[in-house]
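> following is a predicted model, sequence given first.
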Amino acid sequence: MTQPCPCSDQQAIVNLLNRYATCLDHRDWDGLDTVFAADVTGDYGAVLAGRATVVEMISGLLDGCGPTQHLLGNHVIDIDGDTATAATQARVIHTGAGERAGLTPYESIGTYHDQLRRTADGWRITHRRFAVRIQIGDVGILGLDAEG
């Protein structure tokens, strides 16, 4: 298990958000246990409840992709005791694999909006929403149609 960061709360949250991106790009679905609270909710067009449900949705999209890269930056973090909010800019590229290998890579650019809670094991995301502002390429890479 990952040990809590002996650094500032703000840096610990940035490390947590970076761990999320790394887990996705390495398809480390078990690693998301150290990112999401067990009772996490995620707004992905529909609100999903529970870590297993959120991870299943994410893995269902990415397991059919080729390599991905989740680039994060411009973290704005507000901490209030044992809770926090974060807004993180993201640029995510998805490439195709198998029958989708010939599709134009799909890129989504937007902001992750997170609510977080301090736990005995460190900070965890309790709610996540990805507000996509720009989409480039073929969303079919994810096995979706243009309507999502």
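Sure, I can see it.

> mind showing which ranges of this protein have poor pLDDT?
1-7, 146-148 (pLDDT under 70).

> scan it for its longest helix.
helix 9-26 (DSSP state H).

> next helix or strand past that helix?
strand 36-43 (DSSP states H and E).

> which residue ranges of the chain form helices?
For the chain, applying DSSP H gives helices covering 9-26, 51-62.

> on that earlier part again, residues touching the longest helix of the chain, excluding its own?
By Cβ atoms under 8 Å, 6 or more residues apart in numbering, the residues outside helix 9-26 that reach it are 2, 4-5, 7, 28-29, 31-32, 34-35, 58, 62, 67-72, 75, 77, 79, 84, 86, 88, 90, 112, 114, 116, 118, 122-125. Any C-beta I mention is one placed from the backbone N, CA and C, and that applies to glycine too.

> filter those residues to the buried ones?
Among the contacts of helix 9-26, those that count as buried by neighbour count (16 or more other Cβ atoms under 10 Å) are 29, 31-32, 34-35, 58, 62, 68, 70, 72, 75, 77, 79, 84, 86, 88, 90, 112, 114, 116, 118, 122-125.

> returning to that earlier point: need the winner for burial among the helices of the chain.
Among the helices of the chain, helix 9-26 has the highest mean neighbour count (mean count of other Cβ atoms under 10 Å), at a mean of 18.

> and the angle for that helix with strand 36-43?
80 degrees (axes from the mean of the first three to the mean of the last three Cα atoms, to 10 degrees).

> in the sheet, which residues pair with Thr83? Tell me.
Counting by DSSP bridges, Thr83 is bridged to Asp80, Arg117.

> check contacts around it.
Counting by Cβ under 8 Å, 6+ apart, Thr83 has contacts 115-118.

> just send the helices of the chain back as TSV, with distance to Glu107 too.
Converted to TSV, those look like this (distance: least, Cβ to Cβ, whole Å):
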stretch	distance to Glu107
helix 9-26	14
helix 51-62	14
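
> nothing else from me, thank you.
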